[in-house]
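**Q** My questions concern the predicted model and sequence given below.
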Amino acid sequence: MDFSKKQIATFYIEKNKGVLYTTNSTAPFVVQFPQDVIDNLDVVDKSKFQQLLSNFIAKSELKPMHVFVVLSRSVTLEKELKDIPLSLQSAETEKFLDMVLFHQILTKTYNFSSKTIIVAANRDLCENIVSVFQENLFPVIGIIPLSILEEKFSVVKEKFDEKFVLKKIENLKQYFLPLGLGEPEKILTYN
């Protein structure tokens, strides 16, 4: 997919707010998540959440664009495996995921040369964000944890540099969390 002609944005999710950075705006757009909408990373009221994000898009007068979602460390749970034999990594991963308290977990294991990082996020939260953006004609291309961006680009560790991330993110497809966003929906038919 060629994003060079399309407008792109990153939606940076923190525990109590979302910040939208676009390629054509100098200032970010911020939406606060009240506790009666999102509490402890759970969407408490789905319809209020949809209304909140839809109103945010309308009030910001945003034109449809491709969106990449970046999950801050306050939104993900992570475990780093260093010096653990490959044969024991599966058991460690399972032990970690058993401790995650989300009803539905979105997870991926990232292997780097010196370590393995297991990331878990709330699948419901991610799916709700994707759903609202898509309803407003903002296709979500992928969701990536901030910690993985930091692992790939040390520049992001010091400070979240939205302009740098906007330039690099479209090349990181293999690091997106597995929500199946790039795959066409499979429909079963019976004759």
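**A** Received, thanks.
**Q** Tell me where this protein has helices.
**A** Ranges of helices in the chain, per DSSP state H, are 46-59, 86-99, 123-135, 146-152, 155-158, 162-168.
**Q** Can you tell me which helices and strands the fifth one packs against?
**A** The elements that helix 155-158 packs onto, with contact taken as 3 or more C-beta pairs under 8 Å, 6 or more residues apart in numbering; DSSP states H and E, are helix 146-152, helix 162-168. In this view, the C-beta of every residue, glycine as well, is placed from N, C-alpha and C.
**Q** How about the third one?
**A** Counting contacts by 3+ C-beta pairs under 8 Å, 6+ apart, helix 123-135 packs against strand 8-13, strand 42-43, helix 46-59, strand 66-71, strand 105-111, strand 140-145.
**Q** in that helix, what's buried?
**A** Neighbour counts over helix 123-135 (16 or more other C-beta atoms under 10 Å) mark 123, 124, 125, 126, 128, 129, 130, 132, 133 as buried.
**Q** Turn the helices of the chain into TSV, columns for distance to residue 109 and mean pLDDT.
**A** Below are the helices of the chain laid out as TSV (distance: least, C-beta to C-beta, whole Å; pLDDT from 0 to 100):
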stretch	distance to residue 109	mean pLDDT
helix 46-59	29	92
helix 86-99	6	83
helix 123-135	16	92
helix 146-152	11	88
helix 155-158	21	78
helix 162-168	22	83
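**Q** Dump the ones you listed to CSV, plus distance to residue 111.
**A** Shown next, in CSV, are the helices of the chain (distance: least, C-beta to C-beta, whole Å):
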stretch, distance to residue 111
helix 46-59, 34
helix 86-99, 9
helix 123-135, 22
helix 146-152, 11
helix 155-158, 20
helix 162-168, 20
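**Q** List the contacts of the residue most central in space within the chain.
**A** Per C-alpha atoms, centre = their mean, the C-alpha nearest to the average position across the chain is that of residue 143, at 3.3 Å. Taking C-beta atoms under 8 Å, 6 or more residues apart in numbering, we find residue 143 in contact with 68, 69, 70, 71, 106, 121, 126, 130, 176, 177, 179, 181.
**Q** Next one: it relative to residue 82, how far apart?
**A** Distance of residue 143 to residue 82, computed by C-beta to C-beta, to the nearest Å: 25 Å.
**Q** swap in residue 50?
**A** Distance, residue 50 to residue 82, by C-beta to C-beta: 41 Å.
**Q** Which one's more surrounded, the two?
**A** residue 50 (17 against 8; other C-beta atoms under 10 Å).
**Q** Name the nearest residue to residue 16, ignoring sequence neighbours.
**A** residue 33 (5.2 Å; C-beta to C-beta, 6 or more residues apart in numbering).
**Q** Surely residue 128 and residue 43 touch.
**A** Yes: using C-beta atoms under 8 Å, residue 128 is in contact with residue 43, at 5.1 Å.
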